[in-house]
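Engineer: Compute the structure for the input listed below.
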Amino acid sequence: MFFSTTIALLVICVLTIYWYLKGNGTNPNKKLPGLEPQWILGNLRSTGVISGRVVLYEALTELKAKFADRHTYDIAETTARNFGVLFPTGLIALRGNEWKRHARFILPMLKRAKVLPYLNTIVTCTDRFIDEKLTRRNGEIHMDLVEQSQRLLLSIIGFIAFDYDLETTSTSGTFDLRDAFNDFVRIGNQFILISGIALWLGKLILRMSSQYQRALRTMKHYVTNMINEEKTRQQEATSSIRPINLIASLVSAVQLESSEGVPSLTPNEVFDEVSLLVLGDVLDSLIYVDCVAKELLRFAPIATIISRKATRDDIIDGIEVKKDDTILIAVQSLHFDPRYWKIDPSKFIPERFLHEDKNPPHCVYKPFGGGHRACAGQDLAFFELKTIITPLMQRVTFVDPGNEANNSGGMIQRITCYPKHLAIRVYVDRDHMVV
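Structural biologist: As a prediction, the model looks like this:
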């Protein structure tokens, strides 16, 4: 009798302690998404572990997919809608299974290992830019550095994606790929300013724009020809020959999956993905260059705001987020918030990434966004930035002209942000001049 009573009291004591800890360890007003835990058994029975329907790791995988999946926040409808007018089947305009289908080809192609072979191409373009654009006006004040920098990036993308020299003027005087690129970027930048208009009206404006339609036809002509040439080359060549540009790499990946019976990308979808690139191990040892590149992206982020749409209910710091809510993340504010940075964030100090701010708090530093919808080309962009900065730091000195010109700064919002008033006196090191 005594033994039975002791056991009963012990069970009651254990259950009381369990109930007390459970009640005090959770906030009843903070309902989290997920399966409601059952008394004593928790979620073991509701997930099917006890019944044997699934084993523990399978149950955890199911729960993660349902209630803690990284796809909780997808690209916002406004972003997908606006870019969808320019790139109907581009990665940034897609969601759900269509996004996954494109991402299977695009994301691996833009990873660091894939862009490293283009190091010499980027260096060559940068050296040519210094020799032809800066050396000829050595010591002068440059008020068009933004436009010159855009042309440099277009030149690099022309080589990497199209294997085409955009700096070579057409000998026939006809409209060529360089003109198409320039018009495409200019009209794309203008279109972002009217993104609040009705979708049908935006499409009508682009359809009626003769410059945009001509640029589109020219770019499609070049891309389609390159796709067909690459398909022919792959049929005739051995597998040991490596693709010479991003289009070739993309076609190679698409051809491989198509041969295995897996749904791949159509030529029009390949065109949209390559067009999207237009708008947007030596280096590892250059620690300070890395810091400069990071500080540039912190001080002047490519996008000041990131938009996401909740695919399910969630709770962030006690704030309820409902399914289909649109979340706006103010990247510029995060990058300049003194609560998160140990060194004054209002000042341009690359050294912050050496020590004090080397590891900023989670989700504070997001120049390329975050999550599964982060910028697909961030590895290529950061690689380009570091590669371009290195010869500029070695060969060029930039000086504020003072009262001689308006160098007051400010920002202009287009698809990305860039300086509004920029005037810099440029000196090229005589030891590195090409006469």
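Engineer: Where do the helices of the stretch 101-250 of the chain begin and end?
Structural biologist: For the stretch 101-250 of the chain, the helices defined by DSSP state H, counting those that start in this stretch cover 112-115, 119-129, 145-157, 177-191, 199-208, 210-236, 246-259.
Engineer: swap that for the stretch 301-435 of the chain, sorry
Structural biologist: Ranges of helices in the stretch 301-435 of the chain, per DSSP H, counting those that start in this stretch, are 331-335, 378-395.
Engineer: residues of the last one that come out buried?
Structural biologist: Going by neighbour count (16 or more other Cβ atoms under 10 Å), the buried part of helix 378-395 is 378-392, 395. In this view, the C-beta of every residue, glycine as well, is placed from N, C-alpha and C.
Engineer: just to revisit the earlier point, turn the helices of the stretch 101-250 of the chain into a markdown table, including mean pLDDT.
Structural biologist: Formatted as a markdown table, the helices of the stretch 101-250 of the chain follow (pLDDT from 0 to 100):
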| stretch | mean pLDDT |
| --- | --- |
| helix 112-115 | 71 |
| helix 119-129 | 88 |
| helix 145-157 | 82 |
| helix 177-191 | 73 |
| helix 199-208 | 79 |
| helix 210-236 | 78 |
| helix 246-259 | 64 |
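Engineer: Could you work out the end-to-end span of stretch 392-405 for me?
Structural biologist: End-to-end distance of stretch 392-405: 22 Å, with Cα to Cα, to the nearest Å as the criterion.
Engineer: Other residues contacting that stretch?
Structural biologist: 126, 130, 134, 141, 143, 289, 292, 407, 423-429, 432 (Cβ atoms under 8 Å, 6 or more residues apart in numbering).
Engineer: Buried members of those into PyMOL, please.
Structural biologist: The following PyMOL line selects those of those that are buried, judged by 16+ other Cβ under 10 Å:
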select buried, resi 126+130+134+289+292+407+423+424+425+426+428
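Engineer: Just the ones of the contacts of stretch 392-405 in strands?
Structural biologist: Under the assignment DSSP state E, the contacts of stretch 392-405 contribute Ile141, Ile424, Arg425, Val426, Tyr427, Val428 to strands.
Engineer: For the fourth one, give me its contacts.
Structural biologist: Right, Val426. Contact analysis of Val426 by Cβ under 8 Å, 6+ apart lists Leu134, Arg137, Asn138, Gly139, Glu140, Ile141, His142, Leu145, Val396, Thr397, Phe398, Val399.
Engineer: Could you rerun that using 7 Å?
Structural biologist: Leu134, Arg137, Glu140, His142, Val396, Phe398 (Cβ atoms under 7 Å, 6 or more residues apart in numbering).
Engineer: Which pLDDT value does the model give it?
Structural biologist: Here, the pLDDT recorded for Val426 equals 91.
Engineer: By average pLDDT, which secondary structure element in this structure comes out worst?
Structural biologist: None of the helices or strands of the chain scores lower by mean pLDDT, DSSP states H and E than helix 246-259, at a mean of 64.
Engineer: before we move on, back to that, nearest to Tyr73, out of the helices of the stretch 101-250 of the chain?
Structural biologist: Smallest distance to Tyr73 across the helices of the stretch 101-250 of the chain (Cβ to Cβ): 22.9 Å, for helix 199-208.
Engineer: Measure how the closest one sits relative to helix 210-236, angle-wise.
Structural biologist: Counting by axes from the mean of the first three to the mean of the last three Cα atoms, to 10 degrees, helix 199-208 lies at 80 degrees to helix 210-236.
Engineer: Distance-wise, check Gln394 relative to Val428.
Structural biologist: 11 Å (Cβ to Cβ, to the nearest Å).
Engineer: Let me fix that, I meant to ask about Thr232.
Structural biologist: With the distance defined as Cβ to Cβ, Thr232 ends up 44 Å from Val428.
Engineer: Could you do Ile287 as well?
Structural biologist: 25 Å.
Engineer: just Arg373 next, same as before
Structural biologist: Counting by Cβ to Cβ, the gap from Arg373 to Val428 is 41 Å.
Engineer: average pLDDT for stretch 272-285?
Structural biologist: pLDDT averaged over stretch 272-285 gives 58.
Engineer: Then stretch 8-20?
Structural biologist: 72.
Engineer: now stretch 365-373
Structural biologist: For stretch 365-373, the mean per-residue pLDDT is 85.
Engineer: how about that stretch: buried residues?
Structural biologist: Tyr365, Lys366, Pro367, Phe368, Gly369, Gly370, His372, Arg373.
Engineer: from the residues you listed, which single one is nearest Asp163?
Structural biologist: Using Cβ to Cβ, the buried residues of stretch 365-373 come closest to Asp163 at Phe368, 25.9 Å.
Engineer: Next up, the contacts around that closest one.
Structural biologist: Here Phe368 is in contact with Ala374, Cys375, Gln378 (Cβ under 7 Å, 6+ apart).
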